[in-house]
Each structure stands twice: as C-alpha cells, then as structure tokens.
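Novice: The amino acid sequence is not available; the structure is as follows:
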Ligand SMILES: Nc1ncnc2c1ncn2[C@@H]1O[C@H](COP(=O)(O)OP(=O)(O)OP(=O)(O)O)[C@@H](O)[C@H]1O
C-alpha cells in the first residue's frame, strides 16, 4: 500500500455561486497536512472533492492523486458529522465500510481499534445512547478500521475533552503514519502538534505556514508547539494576510 500525494488546482462553484478559487493545494505523499481557515471558505468541499462525494460541486480544475491512479477505493473520509447509523451498535458502525462493500471486517481488528479509542465497554451500545465525544470516537474508529492509504479528516477531534483529544491525536498519528492525511481543523494547537505541512486557506488562496521542526506528534506543551500555535493563531486573526 503506497500512499499517493494529493493535488487540487482550480475553482469550485455550487449552483453557480463561487465557493473557492482559483487556488492550488498539495498534500505530500505519506505526510500529514493540516488545513485551517475561516468558516465557509471551502475546506470541507475540498475533502469532498478528493473523496468523490462532491456531486453538487462544479470544479473547474482537478482534484486527484499525484500517482495518476484513481482515488476511488483508496480514501477514507471522516466527515464533520459522524454519520453513524442509528440502528447499528458501535462495533457495527466501526465495521460499516466493509459491510457496505459486502465484506466482513476483521472482528479482531475492530475490537483492537475500539479498545484504542476507549470504546470497548460501549461496543454494543447504539449511537443514540452515546455522548457527543463518544460518537466522535466511534466515527474515528470506523475511519481507522478502514485502513486506507489516503485519509481525509474533517474536524475529527472537535467534540473531545482536552485530555481525550490529545490521546486521540497521538493515536491517529501513530495509526496513520505513512499514509497521506489531509486534516481540516479549526484548532491551531492541533495543527502545531500534528502537521508535517500546515496550510491556511482564505478567500485569496492557500498559504503554507512552517510547522515546528520536531517530528509529529509533538508534545502539546513543548515550547516550539506553543510558539507555532501562537504564530498560527496570529495569522488566522490577521486573515492570513
Ligand atoms: N450544497 C450546497 N449548496 C450551496 N452552497 C453550499 C453547499 N454546500 C456548501 N455550500 C457553501 O460552500 C461554502 C464552503 O462550504 P464548506 O463546508 O466547504 O466550508 P468550510 O470551510 O468547511 O466551513 P466550516 O469551517 O464552517 O466547516 C460555504 O459558503 C457553504 O455555504
């Protein structure tokens, strides 16, 4: 399983209205790219274009893998809404990708991932009886069970308490090492911890920001993580001018 890079170039419209562009975005093969920017600028739309689910979006340009092969079948998307099926329990939702393909997920793998996200005790509970953070961890488990070379994460840790968030960031960094990750987040500290490439998106385009030099995941309280968080927050406040 070799992870390809991702490239997007061009402009996007929905129903005739401009969403973004023209812009150019690159997510290097095997790297973890964090994408930040104001609400409504088009970050989720970019993930949907790479995931092949942007039916309403008219892209004048290209969103594709750098190896020239189709992305279909090589991408796992963790969407902003958890998209858990209410009639399946946590374990069933974690195994949903395989089920939708008419396959059977490896039960040992599902159990191991549920253990890692701290949901073993809730494996047979339905989503309606979970907290927001538990639901988000169930969706993360489903994404990790998918085992794809390209992983698209849309605010994957936004509902988690600070300690659980840090632990899930570490887990995702470990389990997704070597894959190509494109991660939309509003959390500058998260980008400073995880990004091997950090991009800020504005109406004017995509602006790369230097990540800390230490390998990811970086300690949340390391001076260079805190300094990068501050720089990034200032940039976002100033509109990435
Ligand atoms: N189906 C749709 N029809 C019309 N406009 C849409 C549709 N989906 C998204 N948009 C618009 O496209 C723009 C980009 O939306 P998108 O969800 O990609 O933004 P975002 O940067 O991810 O925002 P957020 O940070 O709030 O999640 C927004 O202005 C949104 O209103």
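Specialist: Sure, I can see it. Here the structure is a predicted model, which means the values were calculated and not measured.

Novice: And for the worst-scoring helix or strand of the chain on mean pLDDT, what's in contact with it?
Specialist: Every helix and strand in the chain was compared by mean pLDDT, DSSP states H and E; the lowest is helix 96-100, with a mean of 86. Residues outside helix 96-100 that contact it (Cβ atoms under 8 Å, 6 or more residues apart in numbering): 76, 85, 88, 92, 104, 105, 142, 145, 146. Placement of C-beta: from N, CA and C, glycine included.

Novice: tell me the contacts of the second one?
Specialist: This points to residue 85. Shown in contact with residue 85 (Cβ under 8 Å, 6+ apart): 92, 93, 96, 127.

Novice: Turn these into JSON lines, including secondary structure and neighbour count.
Specialist: Formatted as JSON lines, these follow (DSSP: H, G, I helix; E, B strand; the rest coil; neighbours: other Cβ atoms under 10 Å):
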{"residue": "92", "secondary structure": "helix", "neighbour count": "20"}
{"residue": "93", "secondary structure": "helix", "neighbour count": "27"}
{"residue": "96", "secondary structure": "helix", "neighbour count": "19"}
{"residue": "127", "secondary structure": "helix", "neighbour count": "20"}
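
Novice: Name the residues of the least confident helix or strand of the chain that are buried.
Specialist: 96, 97, 98 (16 or more other Cβ atoms under 10 Å).

Novice: do the same with stretch 141-161
Specialist: Buried residues in stretch 141-161, defined by neighbour count with 16+ other Cβ under 10 Å: 141-160.

Novice: Check stretch 1-17 too.
Specialist: In terms of neighbour count (16+ other Cβ under 10 Å), stretch 1-17 has its buried residues at 3, 4, 5, 6, 7, 8, 9, 10, 12.

Novice: do stretch 225-233 as well
Specialist: Judged by neighbour count using 16+ other Cβ under 10 Å, the buried positions of stretch 225-233 are 225, 226, 228, 229, 231, 232.

Novice: How about the residues of this protein by the ligand?
Specialist: 14, 15, 19, 39, 40, 41, 42, 43, 44, 45, 56, 80 (Cβ under 6 Å from any ligand atom).

Novice: one step back: which one of the buried residues of helix 96-100 is nearest residue 238?
Specialist: residue 97 (40.4 Å; Cβ to Cβ).

Novice: which stretches of this structure form strands?
Specialist: For the chain, the strands defined by DSSP state E occupy 6-14, 17-27, 32-36, 57-65, 75-78, 150-154, 180-184, 197-202, 205-209.

Novice: will you turn the ones you listed into JSON lines that also has mean pLDDT and distance to residue 110?
Specialist: Shown next, in JSON lines, are the strands of the chain (pLDDT from 0 to 100; distance: least, Cβ to Cβ, whole Å):
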{"stretch": "strand 6-14", "mean pLDDT": "97", "distance to residue 110": "27"}
{"stretch": "strand 17-27", "mean pLDDT": "95", "distance to residue 110": "28"}
{"stretch": "strand 32-36", "mean pLDDT": "98", "distance to residue 110": "24"}
{"stretch": "strand 57-65", "mean pLDDT": "97", "distance to residue 110": "27"}
{"stretch": "strand 75-78", "mean pLDDT": "96", "distance to residue 110": "14"}
{"stretch": "strand 150-154", "mean pLDDT": "98", "distance to residue 110": "17"}
{"stretch": "strand 180-184", "mean pLDDT": "98", "distance to residue 110": "21"}
{"stretch": "strand 197-202", "mean pLDDT": "96", "distance to residue 110": "31"}
{"stretch": "strand 205-209", "mean pLDDT": "94", "distance to residue 110": "36"}
